[in-house]
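Enquirer: From the sequence below, what's the structure:
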Amino acid sequence: MATMEIGLATVMFLVVLALLFDFMNGFHDAANSIATVVSTGVLKPQHAVAFAAFFNVVAIFIFQLKVATTIGKGTIDPAVVDHVVVFGALVGAIAWNVITWYYGIPSSSSHALIGGLVGAAVAKGGFGSLLAAGLIKTVAFILVSPMLGFLLGSILMVIVSWVCFRTSQRKVDKWFRRLQLVSASLYSLGHGGNDAQKTIGIIWMLLIAAGISQGSDPVPMWVVVTCYLAIGLGTMFGGWRIVKTMGQRITKLKPVGGFCAETGGAMTLFLATALGIPVSTTHTITGAIVGVGSSRKVSAVRWGVAGSIVWAWILTIPCSALIAAGAWYVGRIIL
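Expert: Below is the predicted model:
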């Protein structure tokens, strides 16, 4: 990645913009961590967001920075990265997050960022600036993560149903209200571990382009800490419009269903983060919720709502890419 003269003020502005995206990622995706635990009545909303935010930040001690490496070095050609490309990518991702939050659509902050990087890089260097291997892996998991979440969520629900077959509903609810605290904490760990690293990758990319860091250097610790704190703060403020969609509109959840959905989703996120794949926490938990609902009966899932969510998934990368391309042209003028 070639270094260039970038003013310190510009670098600071872009770091703040990246942290704003990270905050909005937590704000937008808070529903992924807390919708099930709120909709089942296990935690009150204000307690749930604090609970999820805590585990978002604790993830700093659990996961290696493999996702940050994929974002920083594995999606677009490092040679095209400069401050204008970073600006375009962040504006594209932030704009799409604001649009989907406003309409209560649980789209993917992760794929908005990927789309932003793609759009800004293509605007500068054409399609040859894209790294196929990293993008194919990321795009493939648009399908794999919800399918894996669906599979694990439904399997867990079937297993639990068999194990608790002769147990009263009251006892089952009592047990799983407690167990859901464990599953929610695991899901919040996976959410923080995968999503915070995307912003870490962007800032790392910027610092290398500006000559402040070298590609062979480890990620500066201040970048890691501030990114985890930013996503935790975003989760604290929560995206209540999306909580309703995720928690009740797709299917009605009880504590046992919430536990199975969160556990299936957490298993998927842990696997993806260990492999360094930037997946969508939105896709993952939605797939797990649908899996739990459909394991009871197909009609328990509101497929119209699920279908509208899928359309948002399909549109996220191209729409954020288009916005980012436009932002790149604006950035050439103002930066």
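
Enquirer: what separates the residue in the chain sticking out farthest from the centre from Val172, distance-wise?
Expert: In terms of distance from the mean C-alpha position of the chain, Arg166 ranks first, at 38.3 Å (CA atoms, centre = their mean). Here the distance between Arg166 and Val172 works out to 11 Å (CB to CB, to the nearest Å). Using the backbone N, CA and C atoms, a C-beta is placed for each residue, glycine as well.

Enquirer: tell me which helix or strand of this protein sits lowest on mean pLDDT?
Expert: When the helices and strands of the chain are scored by mean pLDDT, DSSP states H and E, helix 240-244 comes last with a mean of 53.

Enquirer: got the phi/psi numbers for Phe63?
Expert: Backbone torsions for Phe63, taken as degrees, to the nearest 10, come to phi -110, psi 140.

Enquirer: Quick check: chain neighbours aside, which residue is closest to it?
Expert: Taking CB to CB, 6 or more residues apart in numbering, and ignoring the residues beside it in sequence, Phe63 has Gly193 as its nearest neighbour in space, at 3.9 Å.

Enquirer: continuing past the one helix or strand that neighbour maps to, what's the next helix or strand?
Expert: Assigned by DSSP states H and E, Gly193 falls within helix 169-209. Using DSSP H and E, the helix or strand that follows helix 169-209 in sequence is helix 221-237.

Enquirer: That next one packs against which elements?
Expert: Contact here means 3 or more CB pairs under 8 Å, 6 or more residues apart in numbering; DSSP states H and E; on that basis helix 221-237 packs against helix 8-39, helix 45-58, helix 169-209.

Enquirer: Ser108: which of those helices is closest?
Expert: The stretch from those with the least distance to Ser108 (CB to CB) is helix 8-39; that distance is 8.3 Å.

Enquirer: Which positions in that closest one come out as buried?
Expert: If you call a residue buried by 16 or more other CB atoms under 10 Å, then helix 8-39 has these buried ones: 10-11, 14-15, 17-19, 21-39.

Enquirer: Stretch 219-233 too?
Expert: Counting neighbours by 16+ other CB under 10 Å, stretch 219-233 gives Val219, Val223, Val224, Thr226, Cys227, Tyr228, Leu229, Ala230, Ile231, Gly232, Leu233 as buried.

Enquirer: is it true that the second one touches Ile203?
Expert: Yes - applying CB atoms under 8 Å, one finds Val223 in contact with Ile203, separated by 5.0 Å.

Enquirer: List the residue ranges of the stretch 151-300 of the chain that fall below the pLDDT cut-off.
Expert: When residues are selected by pLDDT under 70, those of the stretch 151-300 of the chain lie in 238-253, 296-300.

Enquirer: Point out the other helices and strands that the helix holding Gly193 packs with.
Expert: Helices and strands touching helix 169-209, by 3+ CB pairs under 8 Å, 6+ apart, are helix 8-39, helix 45-58, helix 66-73, helix 83-102, helix 109-125, helix 221-237, helix 255-275, helix 281-296.

Enquirer: Go ahead and name everything in contact with the second one.
Expert: When you say that, I think you mean helix 45-58. Contacting residues not belonging to helix 45-58 are listed as 26, 30, 33-34, 37-38, 43, 181, 184-185, 188-189, 191-192, 196, 228-229, 231-233, 235-238, 240, 243 [CB atoms under 8 Å, 6 or more residues apart in numbering].

Enquirer: Averaged pLDDT, that helix. What do you get?
Expert: Per-residue pLDDT values over helix 45-58 give a mean of 86.

Enquirer: Can you give me the distance of Ala133 to Ala140?
Expert: Ala133 sits 11 Å away from Ala140, going by CB to CB.

Enquirer: actually Trp328, sorry about that
Expert: For Trp328, the distance to Ala140 equals 26 Å [CB to CB].

Enquirer: which of those two has more neighbours?
Expert: Under the neighbour definition other CB atoms under 10 Å, Trp328 and Ala140 were set side by side, and Trp328 has more, 24 against 11.

Enquirer: before we move on, which element is that one in?
Expert: With DSSP H and E as criterion, Trp328 is part of helix 303-334.

Enquirer: Tell me how many other residues crowd the residue nearest to Ser110 when sequence neighbours are not counted.
Expert: Nearest in space to Ser110, with sequence neighbours left out and distances taken as CB to CB, 6+ apart, is Ser280 at 4.8 Å. In terms of burial, Ser280 registers 30 neighbours under the definition other CB under 10 Å.

Enquirer: My understanding was that Ser280 contacts His111; is that so?
Expert: Yes - with the criterion set as CB under 8 Å, Ser280 and His111 qualify as a contacting pair; they are 5.7 Å apart.
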